[in-house]
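J.: Pasting a predicted model and its sequence here:
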Amino acid sequence: MTRAQPDVTVIIGAYEAMPYLVECLASVEAQTLDPSRIEVVAIDDGSADGTGDYLEEFAARAPMPVTVIRQENSGGPSGPRNVGLARATGRYVFFLDADDRLGAEALERMVAMADRNGTDVCLGRVEGVNRKAPRSMWGANQDRTDVFSSNIKFTLSAQKLFRRALLERHHMRFDESLWTGEDALFTMEAYLRADGVSIVADYTCYYLVGRDDGKHVTKSGGYQLRFDSARALMGLLERMVPPGPKRDVLMVRPFQVTLLPQFGPVFLRQDEEIRRTKFDLAEPLMDAYWNEGVAQRLRVHERLRLQLVAMRRPDLLVDVLEFMKAKHEPRPVLKKGGTQLYLAYPGYRSRKDGVPDRVYLAEPREAKAYPGWRQTPAETFLRGATRKVRRRLGRLRKRGTGPHGRVAA
């Protein structure tokens with residue numbers, strides 16, 4: 001008798017995962033989704049701590065079919081995930097890291113959400129355990145959204161539910177040449193190719209566990225790997241998204257999350273050779289991708305630091321970082337009747353330094369925190385009009401009609 005196709009293949013790449021693997025597998029066994037609708041493909045990536053043996057023990061007693069593959073160490077998470085994808089048969093795949101764990105209802109809720117809405121990717125709420133987790137995208141459940149109109153660009157880890165047909169149609173696999181950021185590349189491509197993305201925000205589907213043995217991939221590796229990661233993601237966005245506001249919205253992510261930390265407090269602790277190398281690595285990225293559309297979407301201190309990198313001004317960057325390290329607050333400078341607010345970080349209005357004034361200009365979301373600033377009448381009108389449009393569309397959705405009286409699809 002031929003076994004029915006499972007709903008979801010859980011792919012677990014494991015390297016030196018004990019004892020965290022015990023709770024990880026227990027969370028798979030505890031899923032409320034019927035075991036007949038789940039399959040597990042687990043890859044022991046050359047562990048020497050008993051990880052492979054424990055996977056074999058689990059396979060012998062698990063209520064769902066489990067395939068264990070043991071291989072030589074591949075050096076990173078991409079290889080095992082690709083091996084798992086090649087063996088998967090489920091309608092969906094879910095990548096579970098061996099030191100993390102699932103909420104009991106995770107797979108049931110995510111599969112139901114994706115099936116109900118016909119979406120290709122489903123995100124489940126993530127909670128950090130001894131480490132930080134993304135937060136800005138969990139405000140409410142979303143049946144259908146996309147990467148341009150939500151904050152999902154700030155969660156690019158691979159721990160999502162992906163429709164396997166999408167991955168196979170576009171021959172999507174993890175880039176094994178990257179030692180970090182490979183999941184960001186894969187997930188961003190899936191977002192861009194997906195026919196809709198769903199979000200389960202009202203239930204913790206995934207527990208992101210911080211290891212205390214220093215073996216987390218994101219905690220290891222030299223700074224050069226971060227530049228490799230940024231270069232790969234920026235290149236993907238260049239290939240897949242035409243120039244303009246949509247690309248700028250997404251380009252914020254590699255600049256803010258990957259590049260900017262390299263020019264934060266850690267920069268002050270590094271010697272001149274490393275500082276010079278960082279500027280050299282950043283130069284082609286700044287020349288190719290840094291523009292006003294990206295800059296205006298950042299806070300002043302973020303925009304200023306990256307602008308100084310683009311200008312190759314490590315001296316002034318150090319001044320700004322020392323200013324921030326001392327917890328100084330920049331002097332607010334109001335102009336044009338209080339409708340423009342500049343934050344006077346080091347270099348402001350200095351002819352010698354030559355940083356354009358616009359770099360110090362706070363956008364409304366940042367400026368509103370300062371007394372005396374006010375929006376221009378045009379901005380106030382547009383924001384009010386936008387709120388009215390949102391309210392009207394919300395009422396129409398509740399009634400099941402579109403804006404022209406048609407039944408909403």
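T.: That came through fine.
J.: Next, Ala201: phi, psi?
T.: Main-chain dihedrals, Ala201, degrees, to the nearest 10: phi -110, psi -10.
J.: my guess is it contacts Gly139, does it?
T.: Yes - the pair Ala201 / Gly139 is scored as a contact, 6.4 Å apart, by CB atoms under 8 Å. Where you see a C-beta, it was placed from the backbone N, CA and C, and this is true even at glycine.
J.: Compare those two (neighbour count), which wins?
T.: Ala201 (16 against 11; other CB atoms under 10 Å).
J.: For the more buried one, which non-adjacent residue is spatially closest?
T.: Trp138 (4.3 Å; CB to CB, 6 or more residues apart in numbering).
J.: Am I right that Glu56 sits in a helix?
T.: Yes - checked against DSSP: H, G, I helix; E, B strand; the rest coil, Glu56 lies within a helix.
J.: Count the neighbours of the nearest residue to Leu260 once chain neighbours are set aside for me.
T.: In this structure, Leu260 finds its nearest non-sequential neighbour in Glu302, 5.8 Å apart by CB to CB, 6+ apart. Other residues near Glu302 come to 17 when the count uses other CB under 10 Å.
J.: What of the one 3 residues further on?
T.: By other CB under 10 Å, the residues close to Arg305 number 24.
J.: all helices for the stretch 201-350 of the chain, in order.
T.: All helices of the stretch 201-350 of the chain, identified by DSSP state H, counting those that start in this stretch, fall at 223-240, 245-253, 265-268, 272-289, 292-295, 300-310, 314-325.
J.: Would you mind finding the most buried of those helices?
T.: helix 300-310 (a mean of 22; mean count of other CB atoms under 10 Å).
J.: With just CA atoms, put that one into CSV.
T.: What follows is helix 300-310, C-alpha atoms only, in CSV (Å, rounded to 0.1, in the frame of the first residue of the first chain):
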residue,chain,number,x,y,z
VAL,A,300,20.1,59.7,11.6
HIS,A,301,22.9,57.9,13.5
GLU,A,302,22.6,54.9,11.2
ARG,A,303,22.6,57.0,8.1
LEU,A,304,25.5,59.1,9.3
ARG,A,305,27.7,56.1,10.0
LEU,A,306,27.1,54.5,6.7
GLN,A,307,27.5,57.8,4.9
LEU,A,308,30.9,58.2,6.5
VAL,A,309,31.8,54.7,5.3
ALA,A,310,30.8,55.7,1.8
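J.: rewinding a little: check contacts around the residue nearest to Ala201.
T.: Arg125, Val126, Ile199, Ala201 (CB atoms under 8 Å, 6 or more residues apart in numbering).
J.: so is it in a helix, a strand, or just coil?
T.: coil.
J.: Distance-wise, check it relative to Cys122.
T.: Computed as CB to CB, to the nearest Å, the Trp138 to Cys122 distance reads 13 Å.
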